[in-house]
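> one predicted model, sequence on top.
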Amino acid sequence: MEYFVQQLINGLTLGAIYGLIAIGYTMVYGIIGMINFAHGEVFMIGAFISLICVMVLGMFGLTWVPLALLVTLIVTMALTAVYGWTLERIAYRPLRGSPRLAALITAIGMSIFLQNYVQLLQGARVKPLQPLISGGFEIMRREGFVVSLSYLQLFIWILTLVLMTIFTLIITRTALGRAQRACEQDMGMASLLGINVDRTISLTFVMGAALAAVAGLIFLINYGVIDFYIGFLAGIKAFTAAVLGGIGSLPGAMLGGLLIGLIEAFWSGYFTVEYKDVASFSILVLVLIFRPTGLLGKPDIEKV
Amino acid sequence: MKKLTAVIIGLMAAGFWSVSGARAEINIAVAGPMTGQYATFGEQMKNGAEMAVKDINAAGGVLGQKLRLFIEDDACDPKQAVAVANKEASEGVVFVAGHFCSGSSIPASQVYEEEGIVQISPASTNPKLTDEGGWNVFRVCGRDDQQGKVAGDYLADHFANKKIAILHDKTAYGKGLADETKAELNARGITEAMYEAYTAGEKDYSALVSKLKGAGIDVIYLGGYHTEGGLIIRQAAEQGYKPQLVSGDALVTEEFWKITGDTGQGTLMTFSPDPRKNADAAPVVERFRAENIEPEGYTLYTYGAIQAWKQAVEKVGGTDPKKVAKALHDTEFDTVLGKFSFDKKGDVTAPGYVFYVWKDGAYDYVQ
């Protein structure tokens, strides 16, 4: 039982990170039907901006952790959002209306570009950061096995929950959210009704990038080691999460992220660590066989 | 007529080739992970090689010819290592100090054998490198069967009544070392409590750490590199769990401490005797420090490998690879690593492995 709870805590933390990245994939797919493969790299850039920001704040003597984290969070979200916006403006908007394959290849190209850009600018070595938040609660204890929940993990859960709530409210209650849903259903009709489609799509990229930036910050403070390559692996996992949850569905992305995190943790915990990726991808395949639209995805009805 | 033209062109090409081969510079290379997550070791090798070439050229070069150093990046990727080896061959390189990862050195050594390039690895410890390698393969570091034996004996002597877990990262180096250690440990009548493999390059090892914690593991023996080792020990501390980490020679970089911070305190590792403590190496160590480079880990091993090759070339009086290889087998060399020679396989006959402990950001011999 204690062991189960500990692996549950591990899985939820990892899943929160995957989920936050997965939302970026799913939102973009929902609106323009394109997989933005450069999204993992946006997450990586978010992690690097956070690291630079923490370092700069440290240089100015701002070492009170809650304030430093808040400032870093805001700066990182803002700067990474600029990357997201630029990416859409430069690489994807000129290709709107061209075959899907062109946009897909561009996305892969941007992914490689951003990876190499960070590698050249920041060097290829891993960048470590000493723990900012340490300590935690001891939830349960039996026969020497202590179930620990660190303050950091609690912080990650709360942050994820708050952000998810805010973003759900934006999508369901605001004019922007309405515009996004309208574009998702029928872009041509939406523009006829006076919705600025280009602006809506840009804002979608901005929102996705901001969430990826949060994931980057969480990744940085949780694991303390980043390099230019982290975006690739995390991006693939998050993309899987988005597909598992049903691509295009916001709650689905979060659910998929949590599921992938939990599958990895429990498979490592009860079977062998070696085969955890095999396990999560096998489950993805099984889900797609029985529910081709993913867990929460709506079936795509072809209009005749 | 056509045939004759082809022969003439062929002869001319051959003529040009030999002319270009006889220029007044000798091309050598250092190959290792200059980028990627093991780039810190590539940098050690690059520093060692650059200093060695600089010192040799300042003292008049080899047989009156200057050395020209090519720095090649294999990113610890076996495929890229082969590509790099072919590139070196096309550059007319006659000697390579490299590679770092055993998984790169082994496939690259086959290219070097075909192309007639002498290879001395400063760092690749997998036994297969020299056991299955050709006439051209040497190494100045130890072998994992020696290292695993030392590690296995140490574990059996000091942690006989503890629960020991053996982990590896599935690479040629990591798995090779873990299996050698396991074999020695089992031969001493101790069975490990857990044997697991993880994937290198990931950052989340919390599930693995909880598993170790749940099984009540006291000692982790890790066949792998410093990034993963550092992350595992750091994430263990975050879960309020403090196992003893014991690992191999891939932890000899300050970057390990940057990742772990104080949680790395007391980590044990095996490595060859530290050449920085060698009296003969003192002037070279001074020169490194004057340039703000700490010659840790494999820096001096790379320096020593180039010195050994230079001494062999001077003995032969030329860079003919077969003759140089023969000289490498039968000469005793005097280098920054002390005096050593190579055995029939190309392994070094220097003293093997000793235990080090990490303390306050630096590693030193276990007292």
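Cool, the structure landed. Computed from a prediction, not measured in an experiment: that's the story for all the values here. Numbering: from 1, shown residues only, chains lettered A, B, ... in the order given.

> just the closest residue of the stretch 101-250 of chain A to chain B, please.
The nearest approach of the stretch 101-250 of chain A to chain B comes at A:A124, 3.7 Å away (Cβ to the nearest Cβ). Where C-beta positions appear, they are placed from N, C-alpha and C, glycine not excepted.

> could you look up the SS state of the nearest residue to that residue once chain neighbours are set aside?
In this structure, A:A124 finds its nearest non-sequential neighbour in B:T35, 3.7 Å apart by Cβ to Cβ, 6 or more residues apart in numbering or on different chains. The three-state label given to B:T35 by DSSP: H, G, I helix; E, B strand; the rest coil is coil.

> count the residues that sit near B:T35.
Neighbours of B:T35 under the rule other Cβ atoms under 10 Å in any protein chain shown: 20.

> element containing the residue lying closest to A:H39 once chain neighbours are set aside?
Of all residues not flanking A:H39 in the chain, A:G24 sits nearest, at 4.7 Å (Cβ to Cβ, 6+ apart). Assigned by DSSP states H and E, A:G24 belongs to helix A:2-32.

> give me the pLDDT value at the residue lying farthest from the centre of chain A.
Computed with Cα atoms, centre = their mean, the residue of chain A farthest from its C-alpha average is A:E143, at 37.6 Å. Looking at A:E143, its pLDDT is 75.

> hmm, the one helix or strand in chain A whose mean pLDDT sits lowest in reach of chain B?
Sorting the helices and strands of chain A by mean pLDDT, DSSP states H and E puts strand A:136-142 at the bottom, at a mean of 82. Yes: using Cβ under 8 Å from any Cβ of the partner chain, strand A:136-142 reaches chain B at A:136, A:138.

> can you map out the helices along chain A?
For chain A, the helices defined by DSSP state H cover A:2-32, A:39-59, A:65-87, A:100-122, A:151-173, A:175-185, A:187-192, A:197-223, A:230-245, A:250-270, A:276-290.

> how many residues are close by B:S121?
35.

> excluding its backbone neighbours, what's nearest it?
Nearest one to B:S121, counting by Cβ to Cβ, 6+ apart, is B:R139 at 4.3 Å.

> would you agree the one you found is in contact with B:K128?
No: counting by Cβ atoms under 8 Å, B:R139 sits too far from B:K128 to count as a contact (11.5 Å).

> if you count surrounding residues, which of those two has more?
B:R139 (26 against 16).

> phi, psi of the more buried one?
For B:R139, the backbone dihedrals (degrees, to the nearest 10) come out as phi -150, psi 150.

> what do you get for B:I28?
phi -130, psi 170.

> show me what it bridges to in the sheet.
Counting by DSSP bridges, B:I28 is bridged to B:L69, B:F95.

> picking up where we left off before, can you pull the contacts of the residue nearest to A:H39?
Going by Cβ atoms under 8 Å, 6 or more residues apart in numbering or on different chains, A:G24 touches A:36, A:39, A:42-43, A:208-209, A:211-212, A:238.

> now those residues in CSV, with pLDDT?
Shown next, in CSV, are those (pLDDT from 0 to 100):
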residue, pLDDT
A:N36, 91
A:H39, 95
A:V42, 96
A:F43, 97
A:G208, 94
A:A209, 96
A:L211, 94
A:A212, 95
A:A238, 94
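
> hmm, back to that, could you count how many residues lie near the residue of the stretch 101-250 of chain A closest to chain B?
A:A124 has 22 nearby residues by other Cβ under 10 Å.

> swap in the one 3 residues further on?
Summarising burial for A:K127: neighbours were counted as other Cβ under 10 Å, giving 19.

> look at the closest residue to it other than its chain neighbours and say how many residues are nearby.
Closest residue in space to A:K127, ignoring its immediate chain neighbours: A:I226 at 5.3 Å, by Cβ to Cβ, 6+ apart. Burial measure for A:I226: 24 neighbouring residues, criterion other Cβ under 10 Å.

> does A:I226 touch A:L51 like I think?
Yes: assessed by Cβ under 8 Å, A:I226 is found in contact with A:L51 at 6.4 Å.

> between the two, what contacts are shared?
Residues touching both A:I226 and A:L51 (Cβ under 8 Å, 6+ apart) are A:127, A:129, A:220.

> before we move on, back to that, so what's the residue nearest to A:K127 up against?
Going by Cβ under 8 Å, 6+ apart, A:I226 touches A:44, A:47-48, A:51, A:126-127, A:129, A:219-220, B:203.

> now do the strands in chain B.
B:25-32, B:66-73, B:95-98, B:118-121, B:137-139, B:164-168, B:194-197, B:219-223, B:244-247, B:268-271, B:333-335, B:338-340, B:354-359, B:362-365 (DSSP state E).

> quick one: those strands as TSV, columns for mean pLDDT too.
TSV is the format used below for those (pLDDT from 0 to 100):
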stretch	mean pLDDT
strand B:25-32	94
strand B:66-73	94
strand B:95-98	93
strand B:118-121	96
strand B:137-139	94
strand B:164-168	96
strand B:194-197	94
strand B:219-223	96
strand B:244-247	96
strand B:268-271	94
strand B:333-335	91
strand B:338-340	88
strand B:354-359	94
strand B:362-365	91
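
> what about the residue nearest to A:A124, distance to A:G252?
Per Cβ to Cβ, to the nearest Å, B:T35 is found 37 Å from A:G252.

> tell me how many other residues crowd B:A39.
For B:A39, using other Cβ under 10 Å, the count is 23.

> ok, it touching A:K127?
No: look at B:A39 against A:K127 with Cβ under 8 Å: they stay out of range, at 11.6 Å.

> show me where pLDDT drops low in chain A?
A:300-304 (pLDDT under 70).

> thanks a lot, see you next time.
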